[in-house]
Every structure is written in C-alpha cells, then in structure tokens.
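Chemist: Sequence first, then the predicted structure, then my questions.
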Protein chains: 2
Amino acid sequence: MNQVPDVLNPACDSRTVLRHLTDRWAPLIVLALVPNALRFGELRARIGTITPKVLTETLRSMERDGLVVRTVTPSSPPRVDYELSELGRTLTTPVETLREWAESNVEAVLANRARYDCGHAATRGH
Amino acid sequence: MNQVPDVLNPACDSRTVLRHLTDRWAPLIVLALVPNALRFGELRARIGTITPKVLTETLRSMERDGLVVRTVTPSSPPRVDYELSELGRTLTTPVETLREWAESNVEAVLANRARYDCGHAATRGH
DNA sequence: GATATCAGATACCTCAACGTAACCAAGAAT
DNA sequence: ATTCTTGGTTACGTTGAGGTATCTGATATC
C-alpha cells in the first residue's frame, strides 16, 4: 500500500490514473458531458472526428473507472445515454483548467513553434 | 483564423495544443521542473522509467512549443539544464490540479475498476 | 419487401509512439 | 592506456492505440 500517492513515483497507481485522464479522447468527452448527458450519437457529433469504435472503447474505460454512467433505454432503435458520475463531475475543474490554458495559449505556442522551426532550419543543412 | 479557440472544434489548433499537453511524459516533466531546473540526468532519475531517447524527444517538443528552456554549458562531461519558461510556468496550476485529482482519487478509481470487473466477469462467459 | 435508425460489434490494418541496445566525443580520473 | 562520466544520437524492433469497413438486431416507416 502506498501511504502517500505520488505521480512522480513510477510504482504509484496514481500515475496510471493520470495517464488515463490524459487519454486522447477522455478530456474531450468530459468537456462534452459537463453541460448535460448525451446520447452516443450526440457525443460522437459533438467531438467530431472520433470513430464509433474508439468512442465505445473510451466510454467503457471511463465507465469502468467510475467516471461515466451509461444508461440503456431498451427501445428500438435503442437509446443509450452517457453522463458524468459524481466522481466524474469532480473532474470538471481540472479538465476545464487545462482547456482554458490550451485555448488561451494557442497563439503563443504556435508562434513559438514557428520561431523554433525557423531558427533551427538554417543550421540543419542535412 | 479562429476567432474564439474551442477544443471541441476539431479544426481548432487548441485541440493539438491540448493533445500535446497530455502527451505521456509532458505532465510529469512539468511537475518535475516546477521546484527548480534540472539536468538531463536528474530529470531522468526524477521520472524514473523514461528512456533517454524519449526524454530527449519530449524535451525538444516542449522546447519547440516554448514551454521549456534548454541551457548548455559546454564543459566535459557536458552539462545541460532544463527549466520551465515563463509560459511553461503558467502550466503549473493546470498540471498540479490534474495531479491532485489523480492522487486524491486513486483509491476510488481502483475500487470502481474492481467492482466493474467483478460485476461483468460473470456475464462474460467466453 | 426495402430501407432507415441507433448503438454498437467484429475483423482487420496502419502507424506513430515507445522501448532496446549500441555507440559517440571530450576530458578527468585511475 | 584504459576507464568513467554526461548527454545525447542512431538504427532497429515492438506494441498498442487508433482507424476502416462491414455487419447486426429490432422496430418503424415507405
């Protein structure tokens, strides 16, 4: 048992949790579900480029971790709703914080990349 | 030009920025560099399981984005220090927030997983 | 009877990320 | 003269995340 979880400790489970949080689609799914629950197809449309297979996989993984609740309404065609669990809702702040950073600093990062690529292209006479 | 950056818009560059922030090792590198600058070897030891190749790659990428500053002291053996840039330091709060969530909720997530695996194992008579 | 809807399942393939192992230069220590 | 050190580079191999394409079941609509 780890007394104090520490992501900088390679053996600590919190590291795998952090890694899960930073899965490619997980933050976007959280963001999409913050306002309200969404059906599978709505979620897919909201995110835009995710394939059904990967969306299913990611949602299952998040359901397993207890971040997302999956509710099936057995009708035809079937209806499946996804919503953040109580635990999942506590992710709102961390993920929103990350989102805000990304959105506020896109321009700066893009500028840095351009500057870097420019400055290093000259000396790299391959 | 995007007027208002939005990570939920697949075409928006902020999405690639977010994805970069959630690279496997990037958050750990940020966390390791928050207290103070570190040499290559120190950083490697601090993170524990990263290989030199991947550490180099990730640091270059972060340097390109302007998150990290690389300082070479031409001596022998060489000395190279890495530190967060001004922009990189603004990542402290977002990343620390994520870290705290992960460390505070490891146990809950682990419990959820166990519960899920238990409940679904019975019906999965492969 | 044909087609559409919804939420996937399934088989297959691709590729980029990640890892392994070996090597390097330059000086300092033994 | 050989070995150690630091901060990498290079070539190569592996893996797993993600993508593509096709199919299903149950009803409802045309």
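Modeler: Thanks, I have the structure now.
Chemist: can you give me the helices for chain A?
Modeler: Listed in chain order, the helices found in chain A under DSSP state H are A:13-21, A:26-33, A:40-47, A:52-64, A:86-89, A:92-121.
Chemist: Highest mean neighbour count out of those helices?
Modeler: Most buried of the helices of chain A by mean neighbour count (mean count of other Cβ atoms under 10 Å in any protein chain shown) is helix A:26-33; its value is a mean of 23. The way it works is simple: take the backbone N, C-alpha and C, and place the C-beta from them, glycine included.
Chemist: Assess the claim that A:Val95 and A:Ala32 are in contact.
Modeler: No: look at A:Val95 against A:Ala32 with Cβ atoms under 8 Å: they stay out of range, at 10.6 Å.
Chemist: Residues of chain A that sit close to DNA strand D?
Modeler: With Cβ under 7 Å from any atom of the strand as the criterion, chain A meets DNA strand D at residues A:23-25, A:49-54, A:57-58, A:76-78.
Chemist: Intersect these with the contacts of DNA strand C.
Modeler: For DNA strand C, the contacts drawn from the residues of chain A next to DNA strand D by Cβ under 7 Å from any atom of the strand are A:Pro52, A:Lys53, A:Ser76, A:Pro77, A:Pro78.
Chemist: Among the residues you listed, which one lies nearest to DNA strand C?
Modeler: Taking Cβ to the nearest atom of the strand as the measure, DNA strand C sits nearest to A:Pro77 out of these, at 3.1 Å.
Chemist: low-scoring stretches of chain A, by residue?
Modeler: Applying pLDDT under 70 to chain A flags the ranges A:1-2, A:121-126.
Chemist: Excluding covalently adjacent residues, which one is nearest to the residue positioned nearest the centre of chain A?
Modeler: The centre of chain A sits closest to A:Pro27, judged by Cα atoms, centre = their mean, with a distance of 1.8 Å. Nearest residue to A:Pro27, sequence neighbours excluded (Cβ to Cβ, 6 or more residues apart in numbering or on different chains): A:Val95, at 5.1 Å.
Chemist: show me the contacts for the residue of chain A found nearest DNA strand D.
Modeler: Scanning chain A for proximity to DNA strand D using Cβ to the nearest atom of the strand identifies A:Arg24 as nearest, at 2.7 Å. Applying Cβ atoms under 8 Å, 6 or more residues apart in numbering or on different chains, we find A:Arg24 in contact with A:Thr58, B:Arg19, B:Thr22.
Chemist: quick one on the thing from earlier: got the contact list for the residue nearest to the centre of chain A?
Modeler: A:Leu21, A:Val95, A:Leu98, A:Arg99, B:Val7, B:Leu18, B:Thr22.
Chemist: Can I get the residues you listed in CSV including distance to DNA strand C?
Modeler: Shown next, in CSV, are those (distance: Cβ to the nearest atom of the strand, whole Å):
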residue, distance to DNA strand C
A:Leu21, 14
A:Val95, 19
A:Leu98, 17
A:Arg99, 21
B:Val7, 18
B:Leu18, 14
B:Thr22, 10
